[in-house]
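Trainee: Structure for this input, please:
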Amino acid sequence: MKRVNVGIIGYKFMGRAHSNAWLKAPLFFDTKAQPVLKAACGRHEKDVAAFAEKWGWEEVETDWRKVVERDDIDIIDIATPQYLHHEIALAAARAGKHIFCEKPMAMDTRQAEEMLQACTDNKVTHYLNHNYRRVPAVALAKQLIASGEIGTIYHWRCAYQQDWITDPEFPLTWQLRAETAKAGPQWDLNSHCVDLAQYLIGGITEVTAMVADFIKTRPLAEEQQTGNLKAGASGLGTGDVTVEDAALMMVRFRNGAVGSFEATRFANGRKNRLTFEVYGSEGSLAFDLENLNELKYYDNRGKAGMKGFATILATDGSHPYVERWWPAGHIIGYEHTFVHAVADFLDAIATDGPIAPNFETGLETIRVLEAGLQSAAQRKTIFL
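Mentor: Model (predicted):
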């Protein structure tokens, strides 16, 4: 079996999720390539060394450029905040490395176009980790839609709701600054939603959006004691929040369907709730990430008086990815979606085959997200 050496850039939340996936994918799936956890990279040597020891990475580096330039590295795993994706991806592609990249893809359309072009020019495999496509229930929804089970699609409805910044004393982290995050939930959360919409429904042709700002200033995080400061009671100062707190979009799809999106970090009680509903001429589908093993299915062709949403427990061996895990009824979780992604990515590399989502589909997502911000700023519909 072909062995491929992986270098990961970033070692926190996504670094852990990715590391687990690199370890588990060849154990549960008959992957066509065997990953070797070769080098882990992060800014703080002590922290990244502890990470590497825990997860089995062979070597540690603090300069990502050195990892990218190594002849013995085949794959660059970009698990950093989005403001770093562009530079790392360009260098990796030009060095001939395959790329496994976290979302959101980039900070704007120009960056996304350059990342795609570099990968195309250098003929490297590129994957963008919108991992929710690889939830078995979501992949099953794709099969049902593609087979015509719910008929002509009329409407898409999606919401991604969290509550982790509702406290006004929550600090001004990088996610709340435009220079490092580009935007708020419109970029971070709606990137997942738009990717799912394009996967399940199709391309988007027009966008109308609005955003809301609820808390204008926040205490500075310890590493951010510079820049646009104001006197704070804590003595550390405060800074301006430069991204939106909530975003709403209405869209029209290329196939004539219409849709809505809600993304917010101010939904008290919602920790990481992603829901979507699809309504068609012959039936409907509904999904809730908080119950990720379940898909709701309504068949409009059922017997009169007996129609209703049925719950499909997507744990049967006939459902996507499930046969590699446990017997029917034994549920899987969030971390498994990353394992599925790595397994598919390894096979794509070994066979020089396609994988999605990638930088091409990611570029289309960025265009929609940018159109949403433009629509909100100009208070008009943006046509794509």
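Trainee: got the buried residues for the one helix or strand residue 120 maps to?
Mentor: Here residue 120 is covered by helix 109-122, with elements defined by DSSP states H and E. Neighbour counts over helix 109-122 (16 or more other Cβ atoms under 10 Å) mark 109, 111, 112, 114, 115, 116, 118, 119 as buried. Yep, even glycine has a C-beta here, placed from its N, CA and C like the rest.
Trainee: Retrieve the pLDDT associated with the last one.
Mentor: So that's residue 119. If you check residue 119, the pLDDT there is 98.
Trainee: which residues touch it?
Mentor: 89, 93, 99, 125, 126, 359 (Cβ atoms under 8 Å, 6 or more residues apart in numbering).
Trainee: Could you do the fifth one as well?
Mentor: Taking Cβ under 8 Å, 6+ apart, we find residue 115 in contact with 85, 86, 89, 90, 93, 105, 106, 126, 359.
Trainee: Filter those down to the buried ones.
Mentor: 85, 86, 89, 90, 93, 105, 106, 126, 359.
Trainee: looking at it, the first one is touching residue 112, isn't it?
Mentor: No. At 9.2 Å, residue 85 and residue 112 do not qualify as touching, with contact defined as Cβ atoms under 8 Å.
Trainee: ok so, going back, tell me which of the buried residues of helix 109-122 is nearest to residue 65?
Mentor: Nearest to residue 65 among the buried residues of helix 109-122: residue 118, at 15.4 Å, using Cβ to Cβ.
Trainee: Would you mind measuring from the closest one to residue 375?
Mentor: To residue 375, residue 118 is 29 Å away according to Cβ to Cβ, to the nearest Å.
Trainee: hmm, back to that, mark which of the contacts of residue 115 are part of helices, please.
Mentor: 85, 86, 89, 90, 93, 359 (DSSP state H).
Trainee: Skipping adjacent residues, who's closest to the last one in space?
Mentor: Meaning residue 359. residue 116 (4.2 Å; Cβ to Cβ, 6 or more residues apart in numbering).
Trainee: Next: the fourth one.
Mentor: Distances taken as Cβ to Cβ, 6+ apart put residue 118 closest to residue 90, at 5.1 Å, once the chain neighbours are dropped.
Trainee: Could you double-check that that neighbour lies in contact with residue 96?
Mentor: No. Under the criterion of Cβ under 8 Å, residue 118 makes no contact with residue 96, lying 10.7 Å away.
Trainee: As CSV, the contacts of residue 119 with distance to residue 290 would be great.
Mentor: Listed next are those as CSV, based on distance: Cβ to Cβ, whole Å:
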residue, distance to residue 290
89, 32
93, 37
99, 31
125, 33
126, 31
359, 30
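Trainee: Check those residues and tell me the two furthest apart.
Mentor: Within the contacts of residue 119, two members stand farthest from each other by Cβ to Cβ: 89 and 125, at 12.4 Å.
Trainee: Can you check which residues contact both of these two?
Mentor: Common contacts of residue 89 and residue 125 (Cβ under 8 Å, 6+ apart): 99, 119.
Trainee: Including distance to residue 351 and pLDDT, could the contacts of residue 115 go into a markdown table?
Mentor: Below are the contacts of residue 115 laid out as a markdown table (distance: Cβ to Cβ, whole Å; pLDDT from 0 to 100):
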| residue | distance to residue 351 | pLDDT |
| --- | --- | --- |
| 85 | 26 | 98 |
| 86 | 28 | 98 |
| 89 | 22 | 98 |
| 90 | 25 | 98 |
| 93 | 20 | 98 |
| 105 | 24 | 98 |
| 106 | 27 | 98 |
| 126 | 15 | 98 |
| 359 | 19 | 98 |
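Trainee: closest to residue 31 among the residues you listed?
Mentor: For these, the nearest to residue 31 is residue 126 (18.2 Å; Cβ to Cβ).
Trainee: you'd agree that closest one is up against residue 359?
Mentor: Yes. With contacts counted by Cβ under 8 Å, residue 126 reaches residue 359, the gap being 4.7 Å.
Trainee: Next, the angle from the helix holding residue 120 to helix 85-94.
Mentor: Using axes from the mean of the first three to the mean of the last three Cα atoms, to 10 degrees, the inter-axis angle of helix 109-122 relative to helix 85-94 is 10 degrees.
Trainee: roughly how far is helix 109-122 from the heart of the chain?
Mentor: Distance of helix 109-122 from its chain centroid, counting by Cα atoms, centre = their mean, to the nearest Å, is 18 Å.
Trainee: residues touching residue 91, list them.
Mentor: Listed by Cβ under 8 Å, 6+ apart, the contact set of residue 91 reads 65, 68.
Trainee: what about the helices in the stretch 251-384 of the chain?
Mentor: Applying DSSP state H, counting those that start in this stretch to the stretch 251-384 of the chain gives helices spanning 334-351, 359-378.
Trainee: could these be laid out in CSV, adding distance to residue 179?
Mentor: Below are those laid out as CSV (distance: least, Cβ to Cβ, whole Å):
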stretch, distance to residue 179
helix 334-351, 28
helix 359-378, 15
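Trainee: To residue 145, which of these lies closest?
Mentor: Of the helices of the stretch 251-384 of the chain, nearest to residue 145 by Cβ to Cβ is helix 359-378, at 16.7 Å.
Trainee: quick one: buried residues of the closest one?
Mentor: Applying 16+ other Cβ under 10 Å to helix 359-378 flags 359, 361-373, 375-376 as buried.
Trainee: now, which of those residues sits nearest residue 281?
Mentor: Of these, the one sitting nearest to residue 281 (Cβ to Cβ) turns out to be residue 368, at 25.1 Å.
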